[in-house]
Structures are given as C-alpha cells and as structure tokens.
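K.L.:
sharing a model prediction with you, sequence too.
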Amino acid sequence: MSMTTILQHCLTGISLGGAYALIAIGYTLVYGILRLINFAHGDIFMMAGYFMIFSLASFPWPVAIVITLVVTTAMGILIERMAYKPLRSSPRMSIMISAIGVSYLLQNLSTYLFTAIPRGYPEIPILKRIFQMGELSASFVTILTPALTIVLVIILMVLVNKTKTGMAMRAVSKDFETAKLMGININRVISVTFAIGSFLAGVGSILYFTDRMSVTPFSGTLPGLKCFVAAVFGGIGNIPGAVVGGFFIGIVETLLVALGYSTFSDAFTFFLLIVMLLVRPTGLFGEKTVEKV
C-alpha cells in the first residue's frame with residue numbers, strides 16, 4: 001500500500017472520527033452530570049438524519065440545517081423532561097432502563113413513520129465539493145468535519161470553564177445534592193446538558209450521513225455504541241477524552257477496512273472496550289474515584 005493511499009485513508013478516518021467525537025461528547029456530558037448512560041443518544045442522532053431529509057425537501061439547505069439542529073435539540077430536551085426527569089429520585093437502574101426504552105421507542109416509531117427501507121440522504125452541494133491536494137483528494141465535508149469538531153469542542157470547553165452555566169454544570173457533576181442546596185437550578189442545568197449533547201449529535205449526523213448517503217431506523221445503533229466506547233476509552237465524563245476516543249476509533253476503523261479487515265472493524269471497537277475496562281476502567285483521562293466510607 002502506497003503512502004498516498006495510507007494518507008488518503010487517514011484523512012477519511014479523521015473525518016469519521018470527528019463525527020464520532022461529536023456524538024461521544026453527548027454521552028460523556030450526560031454521564032458527567034447524571035451518571036446516566038443515555039442509550040437513546042444514538043437514536044437521536046438517527047432521527048436528526050430523518051429531520052434533515054424532510055427539511056431539505058421543503059427548504060434551502062442553510063434553512064434545513066438550522067431546522068434540523070433546532071428540532072434535534074428540542075427532542076433531546078423533551079426526552080429528558082418526559083423519560084428521565086420523573087425518575088430522578090429513583091434508583092439509577094430505573095433511569096437506565098428508561099433510556100433503553102426510549103431507544104427502542106425511537107427505532108420503532110421511525111420504522112412505523114418512515115418504514116425500514118433506507119432513505120437517500122440529500123446531497124448538500126457545498127459539502128460534496130471535491131478538493132485536490134497533490135495526489136490526495138477529499139470532499140469538503142471530509143476536511144470540514146475535524147476542523148468543525150475542534151472548533152465546537154473549544155467553544156464547549158470555554159462554556160464549561162468560563163461561564164456561570166458551565167460552573168453550575170461542574171458543580172452538579174461534582175455533587176448533585178450539594179449543588180441543589182446551594183440554589184443551583186438542577187432542572188435547567190440538566191436541560192442545558194441534554195440540549196448541548198443533542199445539538200452536537202445533530203451536527204455529527206449531518207457530517208456523518210453526508211458521506212454515507214442513506215438513513216434507516218437502525219442507523220444510530222452501531223455508531224451510537226461506537227461513540228459510547230469512544231467516551232469510555234477517553235474517560236467517560238471527560239470532554240477532551242471523548243474527542244480523543246472518537247478520533248482514535250474513527251482512524252483505526254478506517255485503516256482496518258483499508259487493509260482488508262473490514263469484517264473485524266466493528267469487532268475491534270468492542271474488543272477495545274473490553275481491554276479498556278480490564279486495564280484502565282476510568283479511561284485514558286478519567287479520574288480515579290475514591291469511595292467515601
């Protein structure tokens with residue numbers, strides 16, 4: 001395999017990794033605040049794909065993108081209010097079962113509304129424009145994805161570390177009950193967390209499906225699980241860790257396909273999860289927790 005081919009596949013892997021990173025941030029944010037694995041997150045990403053299909057059928061692409069992101073964000077907040085908020089004082093297992101229920105609900109609802117037949121993802125001309133860089137060629141979306149991911153992560157880190165809302169989010173993640181006693185509006189903080197996670201899943205959906213060109217009701221299942229692994233790999237609850245995990249899985253998966261091991265590209269992700277949990281359960285950048293007696 002020539003160096004040009006390897007670089008070409010690395011470029012594709014970085015692009016895929018950027019989309020994975022955006023989705024993984026949603027898992028890590030919700031876990032950081034609620035200690036909840038939001039298993040429905042991958043299906044929110046899938047629904048964003050359908051929202052884009054129907055929006056672009058009626059509106060120009062800039063308007064369709066805004067509609068898709070707004071509706072996806074609103075859906076994330078609505079799911080939290082209806083499925084998770086009533087269970088906030090229940091055992092953590094109850095909320096996790098509710099998350100699994102929401103995941104299956106979204107899959108079956110989309111199957112009922114849109115059928116299981118793959119729907120073609122609309123082409124946004126500017127994203128599919130091809131650029132030539134020496135012997136390498138790449139569509140604009142391939143170049144845009146990692147760059148946009150890094151910009152959005154920087155904005156998110158500034159929000160978390162430099163604003164009052166971010167301070168409240170950090171306080172809630174450290175100690176839920178104490179933050180409540182200090183007068184922090186817990187419901188608002190959790191809604192903001194779900195809004196950010198769903199917004200990023202919507203952005204990731206546009207970047208991901210532009211290259212894959214079709215959406216089914218189960219399109220979010222495998223990417224969702226891979227992004228969960230990315231979050232665990234980086235240290236779930238740690239935003240930069242989720243980004244590193246997303247890029248790592250995207251690059252390795254693409255290289256395995258390029259080397260002819262496409263059969264094992266999905267298996268690798270879950271093998272990585274097992275190894276990570278055995279060797280370093282807190283992930284690469286996760287903090288070791290000390291149980292208080």
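P.N.:
Perfect, thanks for sending it. Remember, predicted model here, so these are calculated numbers, not experimental data. Numbers count the residues shown, from 1 in each chain.
K.L.:
for residue 137, phi and psi?
P.N.:
The phi and psi values for residue 137, taken as degrees, to the nearest 10, are phi -130, psi 140.
K.L.:
relative to residue 46, how far out is it?
P.N.:
Distance of residue 137 to residue 46, given as CB to CB, to the nearest Å: 29 Å. (Glycine included, C-beta is placed from N, CA and C.)
K.L.:
how about the host helix or strand of residue 155, which residues are buried there?
P.N.:
Element membership of residue 155 [criterion: DSSP states H and E] is helix 140-162. For helix 140-162, burial by neighbour count (16 or more other CB atoms under 10 Å) applies to 140-146, 148-149, 152-153, 156, 160.
K.L.:
give me the distance from the longest helix seen in the chain to the chain's centre.
P.N.:
Using DSSP state H to define each element, the chain has its longest helix at helix 3-34. Relative to the chain's own centre, helix 3-34 is displaced by 9 Å; criterion: CA atoms, centre = their mean, to the nearest Å.
K.L.:
thinking again about what came up before, can I get the buried residues of helix 140-162 in a markdown table including distance to residue 107 and pLDDT?
P.N.:
As requested, those are exported to a markdown table (distance: CB to CB, whole Å; pLDDT from 0 to 100):
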| residue | distance to residue 107 | pLDDT |
| --- | --- | --- |
| 140 | 31 | 85 |
| 141 | 26 | 87 |
| 142 | 29 | 87 |
| 143 | 32 | 87 |
| 144 | 29 | 88 |
| 145 | 25 | 90 |
| 146 | 29 | 90 |
| 148 | 28 | 92 |
| 149 | 26 | 92 |
| 152 | 27 | 93 |
| 153 | 29 | 92 |
| 156 | 28 | 92 |
| 160 | 31 | 89 |
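K.L.:
by mean pLDDT, point me to the weakest helix or strand of the chain.
P.N.:
strand 130-133 (a mean of 78; mean pLDDT, DSSP states H and E).
K.L.:
which one's more surrounded, residue 137 and residue 46?
P.N.:
Using other CB atoms under 10 Å, the more surrounded residue of residue 137 and residue 46 is residue 46, with 27 against 12.
K.L.:
just to be sure, residue 138 is in a strand?
P.N.:
Yes. Assigned with DSSP: H, G, I helix; E, B strand; the rest coil, residue 138 falls within a strand.
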